[in-house]
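**Q** Got a sequence here, can you model it:
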Amino acid sequence: MEGKDSASHRQESRKNEHLKARKSAKKQKSNKKGNASKRVITNREPKVTKSASQRYWDDLKADIAGELEKHSILLAVVLVVSLMLSTLYFAVESTDPFKDLPPITDVIRFKFTQNGKDLGAVEFGLFGSTCPLTTKNFIMLSTHEKGFGYKGSRIHMILPMHAIMGGDITEGDGSGGKSALGQPFEKENLSVRHTGPGFLGMLSLENNRKSNKTSIFYVTTHEVPSYDKVNVAFGYVMDGMDVINKIQQSKVADDMSPKENITITKATHMLYN
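**A** Residues are numbered from 1 along each chain as shown. This is a model prediction of the structure:
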């Protein structure tokens, strides 16, 4: 019995020593983890808590930067728009065909029909002080002061990309015409250039030295430099260029005469204020 008790006691003693060794190993392992954790924590940067005044100034600086960015974008937009407007202005200024024209003294208003259907009205401003004889002749033919004139006459020629012509009050085909002044007049002003659509002119026919066909007029539908210094431009379309364009788009025969009857049904004169 004593031998068994002694053996049992030794066995229990070894067991206890084994348990103590395991606990000691676990404790050492736990201490290592704790130390590593502490080292990690000590390596972190200390957290800085900003004061209220620091936060205020940081927020203010951020707001100022944002406003500057907004205003810089707005300023850029304003500059771009201003540049576009100035470019458009100078483009219009440089391409305006009616820039620096003589003053208008009188207005003539024509009403047109096409095969009896109303086309609309056109108002011409006349340069009475620059081209006095041509202007006077045109007004007299419009008002029928001498008993004849434009009322009832037709557009006899349409030149594509060029001009429309009318005012042959005797033959109706461009071969006739009649002056209200009774005789040809010389030395009328040829200074106005045909720089675009809408110029009203009268065929000069050598500045009227050898012909009295001074009732035939034309209205340009495009720039016609070949007319400069040759024919008398004495006015321009103030209103109703859309009517002139309708006439320009009419179908024409081989001789450029319109296939439909385009007629001046009424002509009135007004002084320009």
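
**Q** What strand or helix carries residue 63?
**A** Taking DSSP states H and E as the criterion, residue 63 maps to helix 52-95.

**Q** Equivalent analysis for residue 219, please.
**A** When elements are defined using DSSP H and E, residue 219 is found to belong to strand 217-220.

**Q** What helices and strands are in contact with that strand?
**A** Counting contacts by 3 or more C-beta pairs under 8 Å, 6 or more residues apart in numbering; DSSP states H and E, strand 217-220 packs against strand 163-166, strand 199-202. Every C-beta, even on glycine, is put in place using the N, C-alpha and C of the backbone.

**Q** of the ones you listed, which approaches residue 265 most closely?
**A** Closest to residue 265 of the helices and strands packed on strand 217-220, according to C-beta to C-beta: strand 163-166, at 12.4 Å.

**Q** re the thing from before, state the mean pLDDT of the strand holding residue 219.
**A** Averaging pLDDT along strand 217-220 gives 97.

**Q** Convert it to PDB, retaining C-alpha atoms only.
**A** Output in PDB follows, covering the C-alpha atoms of strand 217-220 (Å, rounded to 0.1, in the frame of the first residue of the first chain):
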ATOM      1  CA  PHE A 217     -34.800 101.300-111.100                       C
ATOM      2  CA  TYR A 218     -33.200  98.300-109.400                       C
ATOM      3  CA  VAL A 219     -32.900  96.900-105.900                       C
ATOM      4  CA  THR A 220     -29.800  94.900-105.100                       C
END
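
**Q** and it, which strands flank it?
**A** Next to strand 217-220 in the sheet, as set by DSSP bridges, lie strand 163-166 (antiparallel), strand 199-202 (antiparallel).

**Q** which of the residues in the last one are buried?
**A** Pointing back at strand 199-202 there. 199-202 (16 or more other C-beta atoms under 10 Å).

**Q** and what of stretch 248-267?
**A** For stretch 248-267, burial by neighbour count (16+ other C-beta under 10 Å) applies to 248, 257-258, 260, 262-265, 267.

**Q** what's in contact with it?
**A** The contact list for stretch 248-267 (C-beta atoms under 8 Å, 6 or more residues apart in numbering) reads 108-116, 119, 141-143, 149-160, 164, 166, 173, 221, 247.

**Q** In strands only, show me those.
**A** Judged by DSSP state E, strands contain the following of those: 108-114, 119, 155-159, 164, 166.

**Q** Any idea how far apart the tips of stretch 255-263 sit?
**A** Here the two ends of stretch 255-263 are set 18 Å apart, with distance taken as C-alpha to C-alpha, to the nearest Å.

**Q** can you check stretch 111-119 too?
**A** Start-to-end span of stretch 111-119 (C-alpha to C-alpha) is 8 Å.

**Q** Domains in the protein, by residue range?
**A** Residue ranges for the domains of the chain, per automatic domain parsing: 1-47, 50-95, 106-271.

**Q** Helices of the stretch 151-273 of the chain, residue ranges please.
**A** Here the stretch 151-273 of the chain has its helices, by DSSP state H, counting those that start in this stretch, at 241-248.

**Q** bridging residues for the residue nearest to residue 240 when sequence neighbours are not counted?
**A** Spatially, and ignoring its direct neighbours in sequence, residue 240 is nearest to residue 122 (3.5 Å; C-beta to C-beta, 6 or more residues apart in numbering). Beta-bridge partners for residue 122, by DSSP bridges, are residue 110.

**Q** from what I can see residue 197 touches residue 218, true?
**A** No - applying C-beta atoms under 8 Å, one finds residue 197 not in contact with residue 218, separated by 11.7 Å.

**Q** which of those two has more neighbours?
**A** Set side by side, residue 197 and residue 218 show more neighbours around residue 218, with 24 against 19, by other C-beta atoms under 10 Å.

**Q** so what's the more buried one up against?
**A** Listed by C-beta under 8 Å, 6+ apart, the contact partners of residue 218 are 163-166, 200-203, 231.

**Q** from the buried residues of strand 199-202, which is closest to residue 134?
**A** Nearest member of the buried residues of strand 199-202 to residue 134, counting by C-beta to C-beta, is residue 202, at 5.3 Å.

**Q** List the buried residues for stretch 117-131?
**A** Buried-residue list, stretch 117-131, by 16+ other C-beta under 10 Å: 119-120, 122-128, 130-131.
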